[in-house]
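Undergrad: Just need the structure, nothing else, for what follows:
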Amino acid sequence: MLESGCKAVKEGVLEKRSDGLLQLWKKKRCILTEEGLLLTPPKQPPPQQQQEQPPPVPAEPAAKIKELHFSNMKTVDCVERKGKYVYFTVVMAEGKEIDFRCAQEQGWNAAITLQMVQYKNRQAILAVRSTRQKQQHLAQP
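TA: Down below sits the predicted model:
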C-alpha cells in the first residue's frame, strides 16, 4: 500500500489478539492509509540523542508485515468499552475476524471505519462512472 504512494492517515500502536490457543494480546505498529491497514511488529524505542549515528536497522521481512486491504474488509464491528480499552473486531470478506484493542482516547476503531467507508464510496463512484462511460460508448453510432 505505502509503496503505491498512499500517505499514512494515522500511525500508532494497536493490540491484536493472537490466533493461538492462549489468544494473547500482542502490540502491533499500525499504519492506516486510504487503502487499508498495515500491521508490523512494534518498532524498538528510538535511542537517546547521540553524537554518532546508530547502525542502520535491517528492514522487517515481508512475512512480518500484514496488510488488511479495505477491498477485503467487510465491517469494523464495535465494540466494547472496558476499563481504559476499546475492543473492536475487523471482519474480513472471507469471514475471518481479527480482534483489536486500544486505549479509548486513541479512536482507532472510528478512524479505520471512516477510512473504510471513504474507500468503499470511492470504489462505488468509480463503478458508476465506468458503467456510464460504457453506456455512452454503446449509445454512440
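
Undergrad: Checking my notes, V128 in a helix, right?
TA: Yes - with DSSP: H, G, I helix; E, B strand; the rest coil as the criterion, V128 is part of a helix.

Undergrad: Pull the distance from the helix or strand harbouring Q133 to the chain's centre.
TA: For Q133, the host element (DSSP states H and E) is helix 108-139. In terms of CA atoms, centre = their mean, to the nearest Å, the centre of helix 108-139 is found 19 Å from the chain centre.

Undergrad: what about it, average pLDDT?
TA: Summarised as a single mean, pLDDT over helix 108-139 is 90.

Undergrad: which strands and helices sit next to it?
TA: Applying 3 or more CB pairs under 8 Å, 6 or more residues apart in numbering; DSSP states H and E, one finds that helix 108-139 makes contact with strand 8-17, strand 25-33, strand 73-82, strand 85-92, strand 97-103. All C-beta atoms are positioned from the backbone trio N, CA, C, and that covers glycine.

Undergrad: and with 10 Å instead?
TA: On a contact count with 3 or more CB pairs under 10 Å, 6 or more residues apart in numbering; DSSP states H and E, helix 108-139 meets strand 8-17, strand 25-33, strand 36-40, strand 66-69, strand 73-82, strand 85-92, strand 97-103.
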